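Chemist: Can you look at this prediction? I've put the sequence above it.
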Amino acid sequence: MFNCILLTVDLNHPASWKKALPQAVELARASKSKLHIMSVVPDMGSPLVEGFFPDDFEKQAIDAASAALDGLVKTEVPDDIAVKQHLAFGKIHKQVLKTIEEIKCDLVIMASHKPDRVREFLVGSNADRVVRRSPVSVLVVRA
C-alpha cells in the first residue's frame, strides 16, 4: 500500500498529532512502511521581527524542538514501527514539500484545525498549501 509515510507535527500544539499519529502508526503497521515524523521551526518571516529576538534564538528554538521531537517519538511511537525524525527551519509548507521530495514518501498525514475565516484569509493554512502543491496523496486529519 505505502512504502514511506510522512507525518507532520506542530510540537507546540498536541492537537496536531493526538489524532493523526495513531492513524499514521496504523497505516505504517498495515503497510509495513517506514514512518517519518517531521516538525518545522518557523522562521520569523521578517528581519524587523528577528531584531526583537536574541542572536542565538534560532539555535535555541531548534535545540528545544529537537528535544521535544525526541520525546514525542520515544513516548508515542510503538517500538515495532520503524521511524525517522526530521526537523527543519523555515516556512512550514515549503519545508514539508521539500521533505516529501527528499524522502520520496508516498503519503503525507497532517492535522488541520477547524477553519478560522480571518486567520485563513490573512495567512492561509499550511495544510491547505501542502494539499494543493503535494505530488503525493495527503491525508488531512481534523484536529
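Modeler: Received, thanks. Residues are numbered from 1 along each chain as shown.

Chemist: Surely L69 and V83 touch.
Modeler: No. L69 lies out of contact with V83 (Cβ atoms under 8 Å); the separation is 10.7 Å. Glycine gets a C-beta too; all of them are placed from N, C-alpha and C.

Chemist: Spit out the residues that contact these two alike.
Modeler: Common contact partners of L69 and V83 (Cβ atoms under 8 Å, 6 or more residues apart in numbering): I37.

Chemist: and L6, what are its phi and psi?
Modeler: phi -110, psi 120 (degrees, to the nearest 10).

Chemist: so it sits right up against E102, yeah?
Modeler: No. The pair L6 / E102 is not scored as a contact, 10.0 Å apart, by Cβ under 8 Å.

Chemist: Tell me, how many residues neighbour R129?
Modeler: Counted by other Cβ atoms under 10 Å, the residues lying close to R129 total 16.

Chemist: again but with C105, I slipped
Modeler: By other Cβ under 10 Å, the residues close to C105 number 25.

Chemist: which residues does it contact?
Modeler: C4, I5, L6, H36, T99, V136.

Chemist: make it 7 Å
Modeler: Listed by Cβ atoms under 7 Å, 6 or more residues apart in numbering, the contact set of C105 reads C4, I5, L6, H36, V136.

Chemist: I'd like to know which helix or strand in this protein has the lowest mean pLDDT.
Modeler: helix 117-123 (a mean of 53; mean pLDDT, DSSP states H and E).
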